[in-house]
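Asker: Predicted model and sequence below, questions to follow.
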Amino acid sequence: MKSFVLSYFVAMLIMSVVAFLAYGFDKHRAKTNGWRVPEKTLHVMSLLGGWPGAMYGQQVFRHK
């Protein structure tokens, strides 16, 4: 049971970092008129456990 809980938290941490970086990348691309990360992709990352990183990324990068 402990290994499952640890695995869950590690996966959540990884997804949070990925979501945070995706929000930063998307904001950068918005400023430079480049290819954007689809909103659906950002939401899926949040649903897969990256919601803490997504919330933090929205605040840090002033993302919608």
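Answerer: Sure thing, it's come through.
Asker: For the spatially most central residue of the chain, give me its contacts.
Answerer: By Cα atoms, centre = their mean, the chain has its centre lying nearest to Ala19, at 1.2 Å. Shown in contact with Ala19 (Cβ atoms under 8 Å, 6 or more residues apart in numbering): 42, 45-46, 50-51, 53-54, 57. In short, each C-beta sits where N, CA and C put it, glycine included.
Asker: Give me the next element, helix or strand, following the lengthiest helix in the chain.
Answerer: The longest helix of the chain (DSSP state H) is helix 2-31. Counting by DSSP states H and E, the next helix or strand C-terminal to helix 2-31 is helix 39-45.
Asker: Now do that following helix, average pLDDT.
Answerer: When pLDDT is averaged over helix 39-45, the result is 95.
Asker: what's in contact with that helix?
Answerer: 15, 18-19, 22-23, 26, 54.
Asker: any idea of the angle the helix or strand following that helix forms with helix 2-31?
Answerer: Going down the chain from helix 39-45, the next helix or strand is helix 51-60, by DSSP H and E. Helix 51-60 runs at 30 degrees relative to helix 2-31, counting by axes from the mean of the first three to the mean of the last three Cα atoms, to 10 degrees.
Asker: returning to what we had before: now the buried members of the contacts of helix 39-45.
Answerer: Among the contacts of helix 39-45, those scoring as buried are 15, 18-19, 22-23, 26, 54 (criterion: 16 or more other Cβ atoms under 10 Å).
Asker: nearest to Phe61, of the residues you listed?
Answerer: Tyr23 (5.4 Å; Cβ to Cβ).
Asker: could you measure the closest one against Lys2, distance?
Answerer: Plainly put, Tyr23 is 32 Å away from Lys2 if you go by Cβ to Cβ, to the nearest Å.
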